[in-house]
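In: Attaching a predicted model along with its sequence, questions to come.
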Amino acid sequence: MQPGPHLDNPVDTLLEKIEIDGTAELGGKLHQFAADLYPTCRSITGNGIRQTLRAIQQRIPLQIFEVPTGTAVFDWTVPKEWNISDAYIRAADGRRVVDFRSHNLHVMSYSSPIHAVLPLETIRPHLHTIPEYPDWIPYRTSYYQENWGFCLTYNQILSLEDGDYEVCIDSTLEDGHLTYGECYLPGRSSEEVLISCHTCHPSLANDNLSGVSVAAFLAEHLAGQDLRYSYRFLFIPGTIGAITWLAQNREKAAQIRHGLVLTCIGDSGGFHYKKSRRGNAEIDRAVACVLKDCGERFEILDFSPYGYDERQYCSPGFNLAVGCLMRSVWGTFPEYHTSADNLEFIQPLSLAKSLRACAAIVNLLEKNRRYLNQNPCCEPQLGKRNLYKSTGGEPVGQQIHARLWTLNMSDGEHSLLDIAERSGLPFETIAGAAEALCQSGLLLPLP
Ligand SMILES: [Zn+2]
């Protein structure tokens, strides 16, 4: 008996489970999870992110880490912790004309505390709106410069009359911690696959919660399975979280072989995959291969040093094979960083199909390996081994082509992904061919 691969790969179970659940049902669960997290006022530090991580902890084995304010992380410093309990602008008649309790985007994230009565002209430079979309509230932050501000709809600002207003931001900006969550699922190898998403935006659905929801469900499906790779899921504040993790986990980072940043993955747009800095890493090819057969629109984008946390993972000192999977690209849709990026903007079906694509990518990485043809001198006779006919639902021609391609290319140098790319056949068909050929003794897996 050869030590051989785990042919009944448990990751199949993941794909099957996602199918069995039904896309609509699964989509409903993913959307509900995002909806549960939606009202929380998150920021790069503070209780909002802690609360979010505790909710994720209900689904998956998540370890929560606290890094003290002032900790040096490469060229950055862990900032003060920000918490907020209330904020408003109150008119002379006692009405709250802007109210944090009605939408947490109304306060600029990381606003320093203030309580004063001020004339509207003094307040105005601290008010942010989007005149092109007069009913939407913008999302603004001021992380690394102490300031205060309110965000409101353009219609709201038009309704403000001159005069004095009571301005109150009941926030604290003090020494505390940066909080992040990590879910590690050990596999047979210590080599790792990284899945990373940011968890630092307040009530924004596509930018933030779609990635969180898909990542949490993917981890839940993979937990407890017999996996080839080890998997590390990071739920971190954008930029400073990734920088902090990399600064404090250099040995772990060295174990990362493939990685994905998940963001803006719940809207109804087609897929966009931004390649890693390397550009031709296995993850880049794996994602392209999966998207080609996913039945949805997709586009592959080259790496650029702006975007989400792939910027940090792909900085030259790490140069990790980490790409970014999105649907609509951040910054290109009008709802981006506004109150219109809400629970209606993300679609249950899109979330479910995004999770399915992630599961197919994991499946590919788990199964991609090299084999050796045991009968390399001319074609083996497939008919006498019962391999010259279809054994599944796929067209006969496609299965036989896949077996012939797999036999021909399994010279010890080419992986199943190489074969799928060169033949143009779906990876799953090639993997199925390799499995059938192994069972008949015509192929032997290489270590
Ligand atoms: Zn954002």
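Out: That came in fine, so what should we check first?

In: so L417 touches N368, yeah?
Out: Yes - under the contact definition of CB atoms under 8 Å, L417 touches N368, with a separation of 4.8 Å. Using the backbone N, CA and C atoms, a C-beta is placed for each residue, glycine as well.

In: what is in contact with those two at once?
Out: Shared contacts of L417 and N368, defined by CB atoms under 8 Å, 6 or more residues apart in numbering, comprise 282, 286, 427.

In: what's near enough to touch the last one?
Out: Translated: F427. Shown in contact with F427 (CB under 8 Å, 6+ apart): 289-290, 293, 364, 367-368, 416-417, 420.

In: nearest to W136, of these?
Out: Distances from W136 to those, taken as CB to CB, are shortest for V290 (34.4 Å).

In: Tell me how many other residues surround the closest one.
Out: Close neighbours of V290, defined as other CB atoms under 10 Å, add up to 27.

In: The one helix or strand it maps to: what's the following helix or strand?
Out: Counting by DSSP states H and E, the element that carries V290 is helix 282-292. Proceeding C-terminally, helix 282-292 gives way to strand 298-301 as the next helix or strand, assigned by DSSP H and E.

In: quick one, what contacts H103?
Out: With contacts defined as CB under 8 Å, 6+ apart, the neighbours of H103 are 137, 203, 339.

In: Over to D207?
Out: If you count contacts by CB under 8 Å, 6+ apart, then D207 has 201, 263-264, 330, 336-337, 341 around it.

In: please redo it, this time with the cut-off set to 10 Å
Out: Taking CB atoms under 10 Å, 6 or more residues apart in numbering as the definition of contact, the neighbours of D207 are 139, 198, 201, 238, 263-267, 308, 326, 328, 330-331, 333, 335-338, 341, 345-346.

In: same check, this time on I419
Out: By CB under 10 Å, 6+ apart, the contact list for I419 reads 368, 370-371, 402, 405-410, 425, 427, 429-431, 433-434.

In: Give me the subset of those residues lying in helices.
Out: Using DSSP state H, the members of the contacts of I419 that fall within helices are 402, 405-409, 427, 429-431, 433-434.

In: For PyMOL, write the select line for the buried members of those.
Out: Isolation of the buried members of the ones in helices among the contacts of I419 (16 or more other CB atoms under 10 Å) is achieved in PyMOL through the command below:
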select buried, resi 402+405+406+407+409+427+429+430+431+433+434
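
In: Next up, phi/psi of the closest residue to Q255 other than its chain neighbours, please.
Out: Nearest residue to Q255, sequence neighbours excluded (CB to CB, 6 or more residues apart in numbering): E192, at 4.5 Å. Note on E192: its backbone torsions stand at phi -120, psi 150 [degrees, to the nearest 10].

In: Equivalent analysis for the one 10 residues further on, please.
Out: Backbone torsions for P202, taken as degrees, to the nearest 10, come to phi -70, psi -130.

In: Now for it, how many residues are close by?
Out: Other residues near P202 number 21, with proximity taken as other CB under 10 Å.

In: Now do the contacts for it.
Out: Listed by CB under 10 Å, 6+ apart, the contact set of P202 reads 38-43, 48, 84, 103-107, 109, 139, 141, 208.

In: swap in Y143?
Out: Residues touching Y143, when contacts are defined by CB under 10 Å, 6+ apart, comprise 43-45, 79-80, 82, 109-110, 200, 237-240.

In: Neighbours of R228, how many?
Out: R228 is flanked by 20 other residues according to other CB under 10 Å.

In: Surely I361 forms part of a helix?
Out: Yes - if the criterion is DSSP: H, G, I helix; E, B strand; the rest coil, then I361 is within a helix.

In: Please tell me I have it right and it contacts L291.
Out: Yes - in this structure, I361 sits in contact with L291. The criterion is CB atoms under 10 Å, and the distance is 8.9 Å.

In: more crowded one of the two?
Out: Neighbours around I361 and L291, counted as other CB under 10 Å, are more numerous at I361. The numbers are 25 against 22.

In: Could you pull up the contacting residues of that one?
Out: Listed by CB under 10 Å, 6+ apart, the contact partners of I361 are 193, 195, 218, 258, 260, 273, 283, 286-287, 289-291, 323, 325, 427.

In: try 6 Å this time
Out: Applying CB atoms under 6 Å, 6 or more residues apart in numbering, we find I361 in contact with 286-287, 290.

In: I'd like to know which of the residues you listed is nearest to T69.
Out: Relative to T69, the closest of the contacts of I361 is V287; by CB to CB it sits at 37.0 Å.

In: Give the buried residues for stretch 335-343.
Out: Neighbour counts over stretch 335-343 (16+ other CB under 10 Å) mark 335-342 as buried.

In: Over to stretch 64-78?
Out: Within stretch 64-78, the residues that qualify as buried by neighbour count (16+ other CB under 10 Å) are 65, 67, 69, 73, 78.

In: Fine by me, thanks again.
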